[in-house]
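# no letters, just coordinates:
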């Protein structure tokens, strides 16, 4: 919204101003300037369409004889065109005010474009970080320095035509043989050696479970960073694997509930949340926050929070200030 208007230094010596003073007194000039200020805030283009003489006098705050102010200003300070009433030469005398709407629209468009660009950059960074973390988790889960194939490549490995049976040639070649045989006729062994008609057995999709577990750990890691304590991307992964291997993993939903419950305790809010590895190894989801928080607070007295916890606490405070 406009906060000021421009008045020429020669305003008081202008013949139209002198006529207005002679006909209406200084109150008339004051009402005229009130009308200009009202227009800058409500009709920045100077167009008074839809208004009549009474509306103009109300906008100007005129308290004199009804109709006298409008009758004096019409033809001097107020013109009329096909759209209705208009302030005389408003765009010429107040170009900054009259262009405020165009500037607002341009700023709005530029702001939306900038926000969309920032959002896209953030999405790209998030996707890149997620892919890198997933690669790290897959390597750690596989126990190898060679990265695992992506789910897309893994699922595209089977190229068997739709409607055919895997190892169909092997199934057709199976015959009844004496005990100790392999159940395949000699012709089939020869056919397998011929690369032009060799039937490859379908590779079991053994990595599906590993990929699902990797995605689950990434979700757990992101949740713990946000609600408890920021750590390295693979912190706690060994403990997670042990729980999965021992078949004592309670599920992500139960872990999430426990993290949220502990996150409301004073001890965690002060930045003394344990690492994810300790949380999983000691099975904190089986503990009661009401009891253990009192004991933990006493043991943590006088100890400074770690760097990650301190940064997390500062981020939370900044978020509360912005809200």
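Looks like it arrived, so ask away. Computed from a predicted model, the values in this text were never measured in an experiment.
# so where's the stretch 1-150 of the chain shaky on pLDDT?
1, 99-103, 140-150 (pLDDT under 70).
# helices along that one, start to end?
Under the criterion DSSP state H, counting those that start in this stretch, helices of the stretch 1-150 of the chain are mapped to 15-24, 26-42, 53-60, 68-73, 90-93, 95-98, 100-142.
# tell me the most buried of those?
Counting by mean count of other Cβ atoms under 10 Å, helix 68-73 has the highest mean neighbour count of the helices of the stretch 1-150 of the chain, with a mean of 20. Using the backbone N, CA and C atoms, a C-beta is placed for each residue, glycine as well.
# which other helices and strands contact that one?
With contacts defined as 3 or more Cβ pairs under 8 Å, 6 or more residues apart in numbering; DSSP states H and E, helix 68-73 has these neighbours: helix 15-24, helix 26-42, helix 53-60.
# make CSV from the helices of the stretch 1-150 of the chain and add distance to residue 314 to it.
Formatted as CSV, the helices of the stretch 1-150 of the chain follow (distance: least, Cβ to Cβ, whole Å):
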stretch, distance to residue 314
helix 15-24, 61
helix 26-42, 42
helix 53-60, 51
helix 68-73, 60
helix 90-93, 51
helix 95-98, 42
helix 100-142, 20
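# just so I know, which of these lies nearest residue 8?
Counting by Cβ to Cβ, residue 8 lies closest to helix 90-93 out of the helices of the stretch 1-150 of the chain; the figure is 7.0 Å.
# what's next to that closest one, contact-wise?
For helix 90-93, the surrounding residues in contact (Cβ atoms under 8 Å, 6 or more residues apart in numbering) are 6, 8, 39, 45-46, 97-98.
# tell me the two of those that are most distant?
The largest distance within the contacts of helix 90-93, taken as Cβ to Cβ, falls between 8 and 45 and amounts to 19.7 Å.
# that older thread, which one, of the helices and strands packed on helix 68-73, ends up nearest to residue 278?
In terms of Cβ to Cβ, the element of these nearest to residue 278 is helix 26-42, at 61.5 Å.
# all helices for the stretch 201-323 of the chain, in order.
Counting by DSSP H, counting those that start in this stretch, one finds helices in the stretch 201-323 of the chain at the ranges 208-227, 237-245, 252-263, 266-269, 276-281, 289-299, 307-322.
# worst average pLDDT in those helices?
Per-segment mean pLDDT for the helices of the stretch 201-323 of the chain reaches its minimum on helix 289-299, at a mean of 54.
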